[in-house]
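Trainee: here are the coordinates; sequence isn't available:
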């Protein structure tokens, strides 16, 4: 049985200067959106500004993409073996001001981005496993904008467990939106 994790958490977080994300994944696909928090805007050249963090898999590589309000930067880790091996893998993303560090099991990498902006920050919803697509009813303007700016819009397929943001456990039982066939209670083998 495959679990599609695709939900919006009621817990809201500020990406801000410091942000810590920890979770375990057991993917069934090599590509999919793991998490998105924050907001961005578009200009004629593409994603322009905003405070956000997006974590995704692309052909087996794990990527963390961030923006401090002064420009986008990203860091990636390409595991030596496929993450689709039926085992759980530990992912952590640590953002400190304009530095993002990504850990995938025992491998890690980091990237230094542009200096942080001092823009006022707002709390944003946490999208786990995917975002609403055009065929879902009642999309907000922000959700439609996300579809245009995210590097990966395909949903994650597999299991996500033990997610913690800034030390707080994310409860999938308290959700403001669930889309698609989501199993919130268990991760089948």
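Mentor: Good, I have the coordinates. Computed from a predicted structure; not experimentally measured.
Trainee: For residue 161, give the beta-bridge partners.
Mentor: Beta-bridge partners of residue 161, counted by DSSP bridges, are residue 24.
Trainee: Quick check: buried residues in stretch 72-86?
Mentor: Buried residues in stretch 72-86, counted by 16 or more other C-beta atoms under 10 Å: 72-75, 77, 83-84. C-beta here means a position set from N, CA and C on the backbone, and glycine is covered the same way.
Trainee: Strands of this structure, residue ranges please.
Mentor: With DSSP state E as the criterion, the chain has strands at 7-13, 18-27, 32-43, 46-58, 61-68, 72-77, 89-96, 99-104, 107-112, 124-128, 158-165, 168-169, 175-178.
Trainee: Lowest average confidence across those strands, which one?
Mentor: For those, the weakest mean pLDDT is recorded on strand 175-178, namely a mean of 51.
Trainee: Distance to residue 150 for the strands of the chain - can I get that in a markdown table?
Mentor: Shown next, in a markdown table, are these (distance: least, C-beta to C-beta, whole Å):
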| stretch | distance to residue 150 |
| --- | --- |
| strand 7-13 | 14 |
| strand 18-27 | 17 |
| strand 32-43 | 7 |
| strand 46-58 | 6 |
| strand 61-68 | 9 |
| strand 72-77 | 12 |
| strand 89-96 | 16 |
| strand 99-104 | 17 |
| strand 107-112 | 18 |
| strand 124-128 | 9 |
| strand 158-165 | 17 |
| strand 168-169 | 24 |
| strand 175-178 | 17 |
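Trainee: out of the buried residues of stretch 72-86, who's nearest residue 30?
Mentor: residue 84 (6.3 Å; C-beta to C-beta).
Trainee: Look up the closest residue to the closest one, ignoring the ones flanking it.
Mentor: Spatial nearest neighbour of residue 84, chain neighbours left out: residue 27 (5.3 Å); criterion: C-beta to C-beta, 6 or more residues apart in numbering.
Trainee: how many other residues sit next to the one you found?
Mentor: Counted with other C-beta atoms under 10 Å, residues neighbouring residue 27 total 23.
Trainee: repeat for residue 32
Mentor: A count of nearby residues for residue 32, using other C-beta under 10 Å, gives 23.
Trainee: my read: it touches residue 130, true?
Mentor: Yes - using C-beta atoms under 8 Å, residue 32 is in contact with residue 130, at 7.4 Å.
Trainee: Name the residues contacting each of these two.
Mentor: Residues touching both residue 32 and residue 130 (C-beta atoms under 8 Å, 6 or more residues apart in numbering): 154-156.
Trainee: so who does residue 115 touch?
Mentor: 68, 70, 97-98.
Trainee: ok, now residue 25?
Mentor: 34, 83, 88-89, 91, 156, 158-161 are the contacts of residue 25 under C-beta under 8 Å, 6+ apart.
Trainee: Can you tell me which of the residues you listed is nearest residue 22?
Mentor: Nearest to residue 22 out of the contacts of residue 25 is residue 91 (C-beta to C-beta; 7.4 Å).
Trainee: As TSV, the shared contacts of residue 32 and residue 130 with distance to residue 167, neighbour count and pLDDT would be great.
Mentor: Below are the shared contacts of residue 32 and residue 130 laid out as TSV (distance: C-beta to C-beta, whole Å; neighbours: other C-beta atoms under 10 Å; pLDDT from 0 to 100):
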residue	distance to residue 167	neighbour count	pLDDT
154	30	15	85
155	27	20	85
156	23	26	88
